[in-house]
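[1] sequence unknown, structure follows:
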């Protein structure tokens, strides 16, 4: 007899474990089927390891520039094996904490690969079966590959292999100038790797506001990162040492390794058995409605498995929507046009809402204000004046600024500053309303406050 649960979750990554914890907190009897370790890609091979290495790069930059503060330090060197060990320590601590939470909330964790069969039966590859009133699919994603660049762990690496390195290459090509590609390029460059980014689109960081991209591009150029946009890669030819990448119009570059960073695809292979009635789209994503319900009654899907922004915090939000719907509560759908985005390259990027170009393409008449961190006291104190804050608001018929529709930041610690901008966009606040809030001084967040005040026509320093 199959064991009975209120909810069975296939996949223990952010979407899966969030659904389990949230549902268990409401009294549901829940099981998670996870083939590897709870925490998923984000904890073990993605967000957390990548940001740990980016923090290593930050420490390296800080020590390298210490003499500007009167601190005399020897020129730093990097022992990446030590960095790798520290990364693993952080990951293991978070993993153990998550395991403890799941145990505390009496969530059953089944180790194995799960697949959905008919009648909401979940089959595990060890031969066991679980029955549930509801099933949540959260099997996540894996790195995409491109023809001619199959990952071999030596010359061609995906994010999985990069985050397992114990020694950095001297030279590298990063294929893909999106968020993950820019993070890897930034980290490697700061730690002494000569990096070239090859991006097929006309600009890197697609989806980001142009003013933000320009700041990152200028910083990358200054630091020696060679960014080639509008070029396609043709293949690579391994040699005695390294490999030669062919790209663009007959161009070549020889490097120690290639990092393929062209996004991720849903891990839906083998997830669905015959008779489930769950539909996949042409790209392998599970089809869902705004409440994360699939085309099969009682079956939901969340996270990277659905065609929504592949962000861990979006998976958290989708998981809560699904559980609320299961509980019969009012499940407010996720507003994907206003989710927070954070990119942890140097300088950092963070935004919520529409870019200036996207707002205009949507037919909006907008007002825009920008302030640079070079005028911010805290930014000068910490020695990071590079960057800006840009706020976009609807223009009202009387010429005044209406609701804020986009907040875009690039510069020091903007990933930690986005909160109030995100709330402003999601609460459809006006600059007049946000301008009433006091920004502590001296802080980096004053630049956001100053930018908003400028839209009221009464900025202090602009």
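    Arrived safely, thanks for sending. From a predicted model like this one, the values you see are computed outputs, not experimental measurements.
[2] so residue 206 sits in a strand?
    No. Judged by DSSP: H, G, I helix; E, B strand; the rest coil, residue 206 forms no part of a strand; its state is coil.
[3] tally of neighbours for the nearest residue to residue 25 once chain neighbours are set aside?
    Once flanking residues are discounted, residue 25 sits nearest to residue 105: 6.7 Å by Cβ to Cβ, 6 or more residues apart in numbering. Backbone N, C-alpha and C define where each C-beta goes, glycine included. Neighbours of residue 105 under the rule other Cβ atoms under 10 Å: 15.
[4] any idea how far residue 105 is from residue 373?
    Between residue 105 and residue 373 the distance is 43 Å, computed by Cβ to Cβ, to the nearest Å.
[5] what do you get for residue 435?
    Counting by Cβ to Cβ - residue 435 and residue 373 are separated by 20 Å.
[6] These two: which is more packed in?
    Using other Cβ under 10 Å as the criterion, residue 435 and residue 373 rank with residue 373 on top: 25 against 18.
[7] Could I get the contacting residues of the nearest residue to that one once chain neighbours are set aside?
    What sits nearest to residue 373 in space, not counting adjacent residues and going by Cβ to Cβ, 6+ apart, is residue 379, at 4.0 Å. In this structure, residue 379 makes contact with 373, 385, 387, 411, 412, 444, 447, judged by Cβ atoms under 8 Å, 6 or more residues apart in numbering.
[8] What helix or strand is residue 379 located in?
    Per DSSP states H and E: residue 379 is located in helix 377-381.
[9] Give me the buried positions along that helix.
    By neighbour count with 16 or more other Cβ atoms under 10 Å, helix 377-381 contains the buried residues 378, 379.
[10] Pull out the buried positions in stretch 215-229.
    Residues of stretch 215-229 classed as buried: 215, 216, 217, 219, 220, 225, 227, 228 (neighbour count, 16+ other Cβ under 10 Å).
[11] That should have said stretch 130-138, apologies.
    Buried positions in stretch 130-138, judged by neighbour count with 16+ other Cβ under 10 Å: 130, 132, 134, 135, 136, 137, 138.
[12] now stretch 414-431
    Of the residues in stretch 414-431, 414-415, 417-418, 420-422, 424-426, 429-431 count as buried by neighbour count, 16+ other Cβ under 10 Å.
[13] What lies in contact with it?
    With Cβ under 8 Å, 6+ apart as the test, stretch 414-431 has contacts from 335, 338, 340, 342-344, 347-353, 387, 389, 391, 393, 401-407, 409, 434, 437, 444-445, 448, 452-453, 455-456.
[14] Select only the buried ones of these in PyMOL?
    For the buried members of those, the matching PyMOL selection, counting by 16+ other Cβ under 10 Å, is:
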select buried, resi 338+340+342+343+344+347+348+349+350+351+352+353+387+389+391+393+401+402+403+404+405+406+407+409+434+444+445+448+452+453+455+456
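[15] Okay, and which of the contacts of stretch 414-431 map to helices?
    Among the contacts of stretch 414-431, the members falling in helices (DSSP state H) are 434, 448, 452, 453, 455.
[16] Make CSV from those and add distance to residue 70 and pLDDT to it.
    As requested, the ones in helices among the contacts of stretch 414-431 are exported to CSV (distance: Cβ to Cβ, whole Å; pLDDT from 0 to 100):
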residue, distance to residue 70, pLDDT
434, 38, 96
448, 31, 97
452, 36, 97
453, 35, 96
455, 39, 96
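[17] Could you tell me which of the contacts of stretch 414-431 are located in strands?
    Of these, the ones assigned to strands by DSSP state E are 342-343, 348-353, 389, 391, 393, 401-407, 409.
[18] Give me the pLDDT value at residue 1.
    We have a pLDDT of 61 for residue 1.
[19] can you map out the helices along the stretch 1-150 of the chain?
    14-25, 40-45, 47-64, 80-104 (DSSP state H, counting those that start in this stretch).
[20] Ok, which of the ones you listed comes nearest residue 201?
    helix 47-64 (21.7 Å; Cβ to Cβ).
[21] And for residue 163, nearest residue in space, chain neighbours not counted?
    Counting by Cβ to Cβ, 6+ apart, the residue nearest residue 163 is residue 49, at 4.4 Å.
[22] gap between the one you found and residue 440?
    Shown here: residue 49 relative to residue 440, a distance of 33 Å by Cβ to Cβ.
[23] of these two, who's got more company?
    Set residue 49 next to residue 440 and count neighbours by other Cβ under 10 Å: residue 49 wins out with 23 against 9.
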